[in-house]
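# what's the 3D shape of this:
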Amino acid sequence: MRALSLVILLAVYWALLSGQFHNSFLIACGAVCIAFVCWMATRMGLVDDEGVPARYYVGLLLYVPYIIWQVILANWDVLKRIWASDMPIDPRLVRVPHSTRAGFVTVTYANSITLTPGTVTMDVTESELLVLALTKEGEDSLLEGDMERQCKKLEGG
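From the prediction side, this is the model:
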């Protein structure tokens, strides 16, 4: 089942990037490449829950609009701080506790923090993230845990 989801994911990705829907030779070349990649991934032992986290794909469809909105809000905040001299920039390191169980969800959470301007995840452990926050408000937002709650929905929490 994971190999099939990998084939479908790679086929959709190839189709979107190539734009080839009528040239049968190029479609055949794409199919051969997809088959080769899937075969190699299987032989290397990469077609597992970590390499092909198919069970999270549906949840990611719901998570992506949330993280896009958070990136927009954080961009606006950083832009205001750059242009307005009266808004403080007070960099700080903060340890953000997390209770995610799945590695995919923890990585998604850490990368989501880094994607939002004004915060960078510097270290990940079993129970916490070390984050550089540009402001006190950014720190408070992370400690409130809204982003973690959204990520935990991926694992069913």
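# State the distance from the residue nearest to residue 118 when sequence neighbours are not counted to residue 30.
Nearest non-adjacent residue to residue 118, counting by C-beta to C-beta, 6 or more residues apart in numbering: residue 134, 4.0 Å away. Yep, even glycine has a C-beta here, placed from its N, CA and C like the rest. According to C-beta to C-beta, to the nearest Å, residue 134 stands 43 Å off from residue 30.
# How confident was the prediction at the nearest residue to residue 133 once chain neighbours are set aside?
Distances taken as C-beta to C-beta, 6+ apart put residue 139 closest to residue 133, at 4.3 Å, once the chain neighbours are dropped. Here, the pLDDT recorded for residue 139 equals 93.
# you'd agree residue 139 is up against residue 93?
No: using C-beta atoms under 8 Å, residue 139 makes no contact with residue 93, being 9.2 Å away.
# For the two, indicate the residue with more neighbours.
More crowded of residue 139 and residue 93, by other C-beta atoms under 10 Å: residue 139, with 21 against 11.
# who touches that one in this structure?
Contact partners of residue 139, counting by C-beta atoms under 8 Å, 6 or more residues apart in numbering, are 92, 94, 131, 133.
# In three-state terms, label the third one for me.
Okay, so that is residue 131. strand (DSSP: H, G, I helix; E, B strand; the rest coil).
# circling back: so which strand or helix has the residue nearest to residue 133?
Under the criterion of DSSP states H and E, residue 139 resides in helix 136-144.
# Just after that helix, pick out the following helix or strand.
Counting by DSSP H and E, the next helix or strand C-terminal to helix 136-144 is helix 146-152.
# okay, and the common contacts of residue 139 and residue 93?
Here residue 139 and residue 93 share the contacting residues 131, 133, scored by C-beta under 8 Å, 6+ apart.
# Just list the residues touching residue 127, thanks.
Contact analysis of residue 127 by C-beta under 8 Å, 6+ apart lists 97-99.
# Residue 89 versus the residue nearest the centre of the chain, what's the distance?
When C-alpha atoms, centre = their mean is applied to the chain, the residue found nearest the centroid is residue 108 (4.2 Å). The gap separating residue 108 from residue 89 is 27 Å, by C-beta to C-beta.
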